[in-house]
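1. Sequence below, structure please.
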Amino acid sequence: MSDASSRPINPPTAHGDLGDELPAYVANGLIGLRVRPMAFRAGMALVSGYSGEHPVRRIEAAANAPYPLAADLALGGAWLSDADSAVSDLQQDYDFGSGELRSRFRVTLGGREAAVEVLTFCSRHDPTLACQEIAVTPSQGGEIALRASIDARGADGHLVRESREAPEEGPVVDGALLWQSGGGLSTCGLAYVTTVEGGDFAEAKRPAFQYGQFHSLFHGRARGGRTVTLRQIVSLVPDVMHATPDQHAARLAAKAAHDGFEGLRAANRDVWGEVWKGRIRLVGATDRWQALADAAVFYLNCSTHGASPASTSIFGLATWHDYHYYYGHVMWDIEAFAVPPLCLLQPDAARSLLDYRSRSLEGARHNARLFGRRGLQFPWESAPRSGEESAPIPGTAAWHEDHVSLDVAHAFALHAWLTGDDEFLRAEAWPVLSGVADWISSRATRTAKGYEIRASMGIAEREQPVENAAFTNMAAVVVLREAIAAAERLGRHADPVWSDIAEQMVLPRRGPVVISHDGYRKDEEKGGTPDPLMGLFPFGYPLSADDEAATLEFYLGQADSYIGSPMLSALYGAWAARLGDRRQALRLLDEGYGQFIQGRFLQTLEYRADRFPEQPRAGPFFANIGGFLTGLLFGFAGLRCGGGAPADWLERDASLPQGWRSIEIERLWLGGRPMSLSARHGARATITPLEDRPPEF
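-> I've put the predicted structure just below:
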């Protein structure tokens, strides 16, 4: 495959200020930044595992950290931060191939003009590092000043300590902070180094933390037409990863200074180059669809990393002022929608998401006991640090929407099957699968009809629970069978009741159609929610061909009453393709995913703006992104989410939207081995170990 075929399509240049759009999201899975069009101004920062007490809800929530890459500029003694009207010609370009954001603008200060270009990235190679390079080219020579700041004015919590002391030997950092979140739930360490080149500058001044800022100040003179460059490197370490995070951030920042900005940048670009070997090429699709696929892969990788200690939220590490962003909680959407594509594209990142659940088993065990049940009941809204239930009080969703445990268990099984990692199956997946199977045993009720799950809530969040929510019951059967298969593979004991429940679980039906729950009506609240289809795909509940077709046709016929809502909308195209309707697959893929992407940098919104204009524009939303990628990789390509040899994963012939000829991936991971995928419409996909591929000329 040529280099060009592995290079993603970048989004269009963004011009001007934000308006009602979202700012750029620059992240690496451990650090997430919102970078404004005028990149000197502090945006917002989140760090995986760093959480605090929400100031209103009083629940554990992701906490705003000090913004690490703020800056300021003075020309002729006039500071940009004091001159709101001094900026013009705002432009931003995002290079998805390297994760680098470039912001450009012009400033007019003190009777002088300058062109400014800012390069910002969060390193995937060194995941604690946020890096920025500021290039200022004044039109006339004269006095210039630059200020590199850690800006805590928008952060939750307070300063615990600061350090400016230089060590007796070794590299020096400009300074370090220890910041504690609201409620004292956690701390984050920040340490930074700066350099300036291109002018005649005095030694930097580094005053103590004051007025919410910690900065290094450079005063000097610059020549007209000559570029002055300020470089900032900041390490951010949450205390969930180190007992003295400010000290360790200083160590890592000092190492970064030793490695140098260009070395860090090159290493980051190399890692992104490896990521893009997993580019999903849509042969025959329009450039628009290829760009949307590239953006989905990019944002998913921005928000997940093998170094992440606290999974990721359904918005990754993104937040913005006008929305709660579900408090940064970890919810079922991650296991259901983000884990499957990551298992193929970046299995180490998928593993880190699951590691968070493994570390939270005691919370899930206590949660089950508090409901009077056995086994593991994972929280509906899992707190980033503690892994405990943190749904806002009264927590109505947490009362009945307990299918989250099934989503988590299925993700563990999927990762074990797709990676072929028997040690993961033994040490990590088996405790989850057996614990959730025990929970199902205590959650299901034996009746004359078989086993039922009563007073439950499916994917549709209705006012009242229902009997036998189809997705919950279907998912329970799938997970029980996965637990039994794992027991057989490991030589462990499987409780006989698991098999009894799996064979006798009640499935609500109306003739051949699986309906959402007992007593279902089309005109009920959220009656168009296609939750039984989620049970079919991607969960993999088996139905006869006739019953599957009838159920698909029933809910696809109601698509207009649901599409535009979060989560399941992105799967409509893949469901239509299962029926072989290519025209409908393309139309529903556009209505269920394509029209969710609006604004700068192709960020996927939670709600489709034209269908839900009253909802905030919040994104990137990973249930939608992950659903789209799951549809591409598993649905259209015909892969089955299950175990066995690679040939066993090819469930059906590829069925692609109208006009698409094939889906091609240079490298994905199956059974721990790098492989290529070619899924041509109407034929069974081929999975080829990379070492078996013929050479390209």
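
2. From now on I want contacts and neighbour counts done on CA atoms only, so please keep to that.
-> OK.

3. could you point out which element follows the longest helix anywhere in the chain?
-> Taking DSSP state H as the assignment, the helix of the chain that covers the most residues is helix 470-490. Once helix 470-490 ends, the next helix or strand along the chain (criterion: DSSP states H and E) is helix 496-504.

4. what's next to that next one, contact-wise?
-> 437-438, 441, 444, 450-451, 476-478, 480-481, 484 (C-alpha atoms under 8 Å, 6 or more residues apart in numbering).

5. Could you tell me the angle between that helix and helix 470-490?
-> 140 degrees (axes from the mean of the first three to the mean of the last three C-alpha atoms, to 10 degrees).

6. and helix 496-504, C-alpha only, in PDB?
-> Provided in PDB are the C-alpha atoms of helix 496-504 (Å, rounded to 0.1, in the frame of the first residue of the first chain):
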ATOM      1  CA  PRO A 496     -25.400 -25.400  35.500                       C
ATOM      2  CA  VAL A 497     -27.900 -22.600  36.100                       C
ATOM      3  CA  TRP A 498     -26.100 -20.400  33.500                       C
ATOM      4  CA  SER A 499     -27.000 -22.900  30.800                       C
ATOM      5  CA  ASP A 500     -30.500 -23.200  32.100                       C
ATOM      6  CA  ILE A 501     -31.100 -19.500  31.900                       C
ATOM      7  CA  ALA A 502     -29.500 -19.100  28.500                       C
ATOM      8  CA  GLU A 503     -31.700 -21.800  27.100                       C
ATOM      9  CA  GLN A 504     -34.900 -20.600  28.700                       C
END
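
7. let's number from 751 now, not from 1
-> In the new numbering, first residue 751, that becomes helix 1246-1254.

8. list the buried ones in that helix?
-> When burial is assessed from 16 or more other C-alpha atoms under 10 Å, helix 1246-1254 yields the following buried residues: 1248-1249, 1251-1252.

9. hmm, back to that, packing partners of the longest helix of the chain?
-> With contacts taken as 3 or more C-alpha pairs under 8 Å, 6 or more residues apart in numbering; DSSP states H and E, helix 1220-1240 sits against helix 1154-1169, helix 1180-1193, helix 1246-1254, helix 1281-1286.

10. Same list (the buried residues of helix 1246-1254) but as a markdown table, adding pLDDT and distance to residue 784.
-> What follows is these, written out as a markdown table (pLDDT from 0 to 100; distance: C-alpha to C-alpha, whole Å):
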| residue | pLDDT | distance to residue 784 |
| --- | --- | --- |
| 1248 | 98 | 47 |
| 1249 | 98 | 49 |
| 1251 | 98 | 47 |
| 1252 | 98 | 46 |
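
11. Out of the contacts of helix 1246-1254, which is nearest to residue 943?
-> Of all the contacts of helix 1246-1254, the one sitting nearest residue 943 is residue 1187; the distance, using C-alpha to C-alpha, is 50.8 Å.

12. quick one: contacts for the closest one?
-> By C-alpha under 8 Å, 6+ apart, the residues touching residue 1187 are 1125, 1229-1230, 1233, 1248.

13. Could you tell me how far it is located from residue 1101?
-> Residue 1187 sits 21 Å away from residue 1101, taking C-alpha to C-alpha, to the nearest Å as the criterion.

14. Just the C-alpha atoms of the helix or strand bottoming out on mean pLDDT in the chain, please, in PDB.
-> When the helices and strands of the chain are scored by mean pLDDT, DSSP states H and E, helix 1146-1150 comes last with a mean of 87. Below are the C-alpha coordinates for helix 1146-1150, written out as PDB (Å, rounded to 0.1, in the frame of the first residue of the first chain):
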ATOM      1  CA  THR A1146     -33.100   6.900  38.300                       C
ATOM      2  CA  ALA A1147     -31.200   5.400  35.400                       C
ATOM      3  CA  ALA A1148     -29.100   3.400  37.900                       C
ATOM      4  CA  TRP A1149     -32.200   1.800  39.400                       C
ATOM      5  CA  HIS A1150     -33.100  -0.200  36.400                       C
END
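
15. Next, the buried residues of it.
-> Along helix 1146-1150, these residues count as buried under the neighbour rule (16+ other C-alpha under 10 Å): 1147-1148, 1150.

16. helices or strands next to that helix in the packing?
-> For helix 1146-1150, the contact count by 3+ C-alpha pairs under 8 Å, 6+ apart identifies no helix or strand as a packing neighbour.

17. in this structure, which ranges drop under the pLDDT threshold?
-> Low-confidence segments of the chain, defined by pLDDT under 70: 751-754, 916-921, 1391-1397, 1442-1447.

18. ok, now which ones touch residue 1106?
-> Residues near residue 1106 by C-alpha under 8 Å, 6+ apart: 1059-1061, 1137.

19. Actually, residue 866.
-> With contact set as C-alpha under 8 Å, 6+ apart, residue 866 has these partners: 854-857, 884-887.

20. Please check those and keep the buried ones.
-> Neighbour counting by 16+ other C-alpha under 10 Å classes 854-857, 884-887 among the contacts of residue 866 as buried.

21. follow-up on the earlier one: buried subset of the contacts of helix 1246-1254?
-> Those of the contacts of helix 1246-1254 that meet the buried threshold are 1187-1188, 1191, 1194, 1201, 1226-1228, 1230-1231, 1234, by 16+ other C-alpha under 10 Å.

22. wait, which of these is closest to residue 792?
-> Nearest to residue 792 out of the buried ones among the contacts of helix 1246-1254 is residue 1226 (C-alpha to C-alpha; 46.1 Å).

23. For that closest one, which non-adjacent residue is spatially closest?
-> Closest residue to residue 1226 in three dimensions, ignoring its sequence neighbours and counting by C-alpha to C-alpha, 6 or more residues apart in numbering: residue 1156, at 6.2 Å.

24. Residue 1185 is in contact with that neighbour, correct?
-> No: with contacts counted by C-alpha atoms under 8 Å, residue 1156 stays clear of residue 1185, the gap being 10.6 Å.

25. quick one: residue 884 and residue 1013, what's the gap?
-> From residue 884 across to residue 1013, the span is 17 Å (C-alpha to C-alpha).

26. In space, what's closest to residue 1412 - neighbours in sequence excluded?
-> Looking at residue 1412 with C-alpha to C-alpha, 6+ apart, the closest residue is residue 1430, at 4.1 Å.

27. and for the least confident helix or strand of the chain, what are the contacting residues?
-> By C-alpha under 8 Å, 6+ apart, the list of residues contacting helix 1146-1150 from outside reads 1129-1131, 1139, 1141, 1205-1207, 1211, 1215.

28. what about residue 1127, which SS state?
-> Reducing the assignment to helix, strand or coil with DSSP: H, G, I helix; E, B strand; the rest coil, the entry for residue 1127 is coil.

29. List the contacts of it.
-> Taking C-alpha under 8 Å, 6+ apart as the contact definition, residue 1127 lies against 1114-1115, 1117-1118, 1152, 1154-1155, 1186, 1189.

30. One more pass at 7 Å, please.
-> The contact partners of residue 1127, by C-alpha atoms under 7 Å, 6 or more residues apart in numbering, come to 1114-1115, 1117-1118, 1155, 1186, 1189.

31. where do the strands sit along the stretch 1251-1400 of the chain?
-> Taking DSSP state E, counting those that start in this stretch as the criterion, the stretch 1251-1400 of the chain carries its strands at 1259-1260, 1263-1264.

32. Burial-wise, tell me which of those comes out on top.
-> strand 1263-1264 (a mean of 22; mean count of other C-alpha atoms under 10 Å).

33. rewinding a little: for the contacts of helix 1246-1254, which two are the farthest from each other?
-> Set against one another by C-alpha to C-alpha, those have their most distant pair in 1200 and 1234, with a gap of 19.5 Å.

34. Excluding sequence neighbours, find me the nearest residue to residue 963.
-> Closest residue in space to residue 963, ignoring its immediate chain neighbours: residue 901 at 4.7 Å, by C-alpha to C-alpha, 6+ apart.

35. Report the beta-bridge partner residues of the one you found.
-> Beta bridges link residue 901 to residue 817, residue 963, judged by DSSP bridges.

36. That one contacts residue 820, doesn't it?
-> Yes: with the criterion set as C-alpha atoms under 7 Å, residue 901 and residue 820 qualify as a contacting pair; they are 6.2 Å apart.
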